[in-house]
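**Q** Have a look at this fold, sequence not included:
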Ligand SMILES: Cc1cc2nc3c(=O)[nH]c(=O)nc-3n(C[C@H](O)[C@H](O)[C@H](O)COP(=O)(O)OP(=O)(O)OC[C@H]3O[C@@H](n4cnc5c(N)ncnc54)[C@H](O)[C@@H]3O)c2cc1C
């Protein structure tokens with residue numbers, strides 16, 4: 001905990017990772033927290049649930065962290081959940097070619113000097129050290145370049161490494177993905193050496209790591225958390241947000257209160273007038289197969305030239321992720337299950353028949369499309385209303401739509417509240433001290449969700 005008791009309430013709408021991380025950061029600074037979530041649970045796009053058909057808990061997606069994800073790890077420290085992650089002691093990425101069955105391990109060395117590219121056993125088969133320097137081309141590209149325009153896609157390494165990494169990190173096909181954003185991710189991870197690329201996954205599940213400990217921390221700090229509270233409209237005064245209109249009640253904001261809107265992009269755009277947000281999205285398909293793999297098999301395997309892209313070994317399921325899954329998202333679940341199982345059985349050396357029960361989850365709007373055009377549409381955390389802040393993976397974090405990006409956005413929104421107060425100490429110096437709270441005469445406008 002730091003700082004004294006703050007002057008007002010922080011009203012936070014949306015209990016995904018952006019909202020939770022903002023709430024945790026502000027609660028630790030002494031703010032009174034009121035967190036509102038439309039659904040019956042927290043976590044948003046990053047959570048676990050019990051699947052009746054499979055009879056076990058599953059994660060809604062396979063979320064991989066790397067040791068480079070310092071905001072996510074900082075958040076887990078804050079909520080006392082850092083030790084709920086597990087991973088190998090060193091960076092190691094197992095791959096299989098689904099056409100030939102060839103297997104290899106990508107093993108970057110720990111330090112920032114990448115001597116691993118000179119070791120055949122540590123790099124992609126049939127590549128040379130000099131191929132890897134080709135990625136430096138990404139560094140010099142303009143903001144409108146795509147990954148395909150920046151890198152030579154005819155290269156073996158493109159297909160075997162850069163493309164799968166870009167698609168996984170950006171959830172966007174390489175023909176559309178921003179080269180600059182991909183460079184940023186590479187520089188933050190592989191560019192900093194294997195120590196920054198150690199993979200980490202939740203030991204139990206996404207909720208047990210990212211969500212439940214956050215709710216417990218918030219409750220211990222006195223936060224009020226309301227589920228089933230869908231924000232329908234914001235009431236705007238002349239120069240600030242004056243109230244939150246939920247179905248059952250309207251909550252007036254005092255002069256010292258602030259609001260962080262941590263809802264998805266499309267919802268934010270409907271609540272806030274003239275807000276520009278990304279408006280193109282990219283699907284992810286997940287398949288959860290109810291079967292156990294040997295405990296000494298890799299925690300996850302990257303699949304090249306298959307239908308599956310990444311397969312994760314979990315306690316009760318083998319779980320497949322297909323990013324930028326436009327070609328798969330409209331196919332019938334049974335067909336998806338069949339083509340993905342073929343790769344899973346091969347990768348984890350399991351009998352092809354009988355095919356185990358599976359749950360296919362299609363998220364059509366899993367993340368915004370990380371194209372150069374869409375990146376231009378990302379809004380800042382601050383708005384023209386001094387008591388309104390935005391958080392969410394779609395805001396301008398400089399990161400793709402990921403756990404790290406969502407948490408970074410929550411932390412930024414929390415930090416900006418302090419900056420705003422510093423710039424205008426009268427506003428919010430004490431609860432109820434704001435100009436509108438004093439007069440209560442501001443002409444109000446409502447911006448409503450249909
Ligand atoms: C299938 C899938 C796989 C993924 N895989 C990865 C991965 O491997 N690695 C990775 O880092 N990231 C991954 N991501 C992305 C990551 O999950 C998201 O970037 C992150 O969870 C977004 O968090 P958020 O808080 O910004 O938004 P959300 O999680 O969308 O949270 C928004 C919250 O606002 C609530 N809400 C909406 N409207 C209202 C309203 N009117 N009033 C009140 N509340 C409202 C919602 O119910 C929700 O809880 C994946 C996402 C998906 C869908």
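**A** Done, it's in. Predicted model, so just to flag it, every value in this text is computed and none were measured.

**Q** phi, psi of the residue positioned nearest the centre of the chain?
**A** By CA atoms, centre = their mean, the mean C-alpha position of the chain lies nearest to residue 402, the distance being 2.2 Å. When read as degrees, to the nearest 10, the backbone of residue 402 gives phi -140, psi 180.

**Q** Neighbours of the residue nearest to it when sequence neighbours are not counted, how many?
**A** Leaving aside its chain neighbours, residue 402 sits nearest to residue 393 (6.7 Å; criterion: CB to CB, 6 or more residues apart in numbering). Yep, even glycine has a C-beta here, placed from its N, CA and C like the rest. Using other CB atoms under 10 Å, residue 393 is surrounded by 30 other residues.

**Q** likewise the one 5 residues further on?
**A** Taking other CB under 10 Å as the neighbour definition, residue 398 ends up with a count of 12.

**Q** now residue 89
**A** The burial count for residue 89: 6, using other CB under 10 Å.

**Q** same question, residue 128
**A** Residue 128: 13 neighbours (other CB under 10 Å).

**Q** For residue 155, see how far away it is.
**A** 11 Å (CB to CB, to the nearest Å).

**Q** go on, residue 8?
**A** Residue 8 is 56 Å from residue 155, by CB to CB.

**Q** Please apply the same query to residue 206.
**A** For residue 206, the distance to residue 155 - CB to CB - is 35 Å.

**Q** With neighbour numbers in mind, choose between these two.
**A** residue 206 (25 against 14).

**Q** residues contacting the more buried one?
**A** 43, 46-48, 59-61, 63 (CB atoms under 8 Å, 6 or more residues apart in numbering).

**Q** Which one of those residues sits in the busiest neighbourhood?
**A** residue 59 (26 neighbours).

**Q** Please report phi then psi for that residue.
**A** phi -90, psi 150.

**Q** Just give the nearest non-adjacent residue to it, would you?
**A** The nearest residue in space to residue 59 (CB to CB, 6+ apart) is residue 206, at 4.5 Å.

**Q** again, but for residue 415
**A** Per CB to CB, 6+ apart, closest to residue 415 is residue 25, 7.6 Å.

**Q** in what helix or strand does that neighbour lie?
**A** Residue 25 is located in helix 17-28, with elements delineated by DSSP states H and E.

**Q** what's the model's confidence in that helix, averaged?
**A** For helix 17-28, mean pLDDT rounds to 97.

**Q** which other helices and strands contact that helix?
**A** strand 9-13, strand 32-37, helix 70-78, helix 212-220, helix 403-423 (3 or more CB pairs under 8 Å, 6 or more residues apart in numbering; DSSP states H and E).

**Q** And residue 208, its phi and psi?
**A** The phi/psi pair for residue 208 (degrees, to the nearest 10) is phi -60, psi -30.

**Q** How about the contacts made by it?
**A** 48, 84, 202.

**Q** One more pass at 10 Å, please.
**A** By CB atoms under 10 Å, 6 or more residues apart in numbering, residue 208 lies in contact with 47-48, 57, 59, 81, 84, 202.

**Q** Please tabulate those in CSV and include pLDDT and distance to residue 310 as additional columns.
**A** As requested, these are arranged in CSV below (pLDDT from 0 to 100; distance: CB to CB, whole Å):
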residue, pLDDT, distance to residue 310
47, 97, 19
48, 97, 18
57, 95, 20
59, 95, 13
81, 98, 23
84, 97, 21
202, 95, 15
